[in-house]
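Trainee: Next comes the sequence, and after it the predicted model I'd like to discuss.
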Amino acid sequence: MCGPINSAIGYDLDFEVKRYLEELDSDSILSSDNKCSINGVLFKIDVKTGKTKEVKRIIY
């Protein structure tokens, strides 16, 4: 995943929570937060067993 840190998939977090709780029927608002990040997970898999050998969290 990548995008603004304080957002809900790129949209303004506070507005999206209010929209959900109050069941508002309005368009989403894009986040204006300039602080972005990239997050992911790297898995090392044993090819013989198919089991995960290692999990590494990636945050940049």
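Mentor: Received the coordinates, thanks.
Trainee: I'd like to know how far D27 sits from K18.
Mentor: Counting by C-beta to C-beta, to the nearest Å, the separation of D27 from K18 is 13 Å. The way it works is simple: take the backbone N, C-alpha and C, and place the C-beta from them, glycine included.
Trainee: These two: which has the busier surroundings?
Mentor: Taking neighbours as other C-beta atoms under 10 Å, D27 and K18 compare with K18 leading, 12 against 9.
Trainee: Contacts only, for that one.
Mentor: With contact set as C-beta atoms under 8 Å, 6 or more residues apart in numbering, K18 has these partners: L24.
Trainee: Secondary structure element holding it?
Mentor: helix 13-21 (DSSP states H and E).
Trainee: Contact partners for D46?
Mentor: Contacts here follow C-beta under 8 Å, 6+ apart; on that basis D46 touches 52-53.
Trainee: Scan this protein for its longest strand.
Mentor: Counting residues, the longest strand found in the chain (DSSP state E) is strand 36-45.
Trainee: Could you list the paired strands of that one along with their orientation?
Mentor: strand 2-4 (antiparallel), strand 52-59 (antiparallel) (DSSP bridges).
Trainee: D12: neighbour count?
Mentor: Neighbour number of D12 under other C-beta under 10 Å is 19.
Trainee: Good, we can wrap up now.
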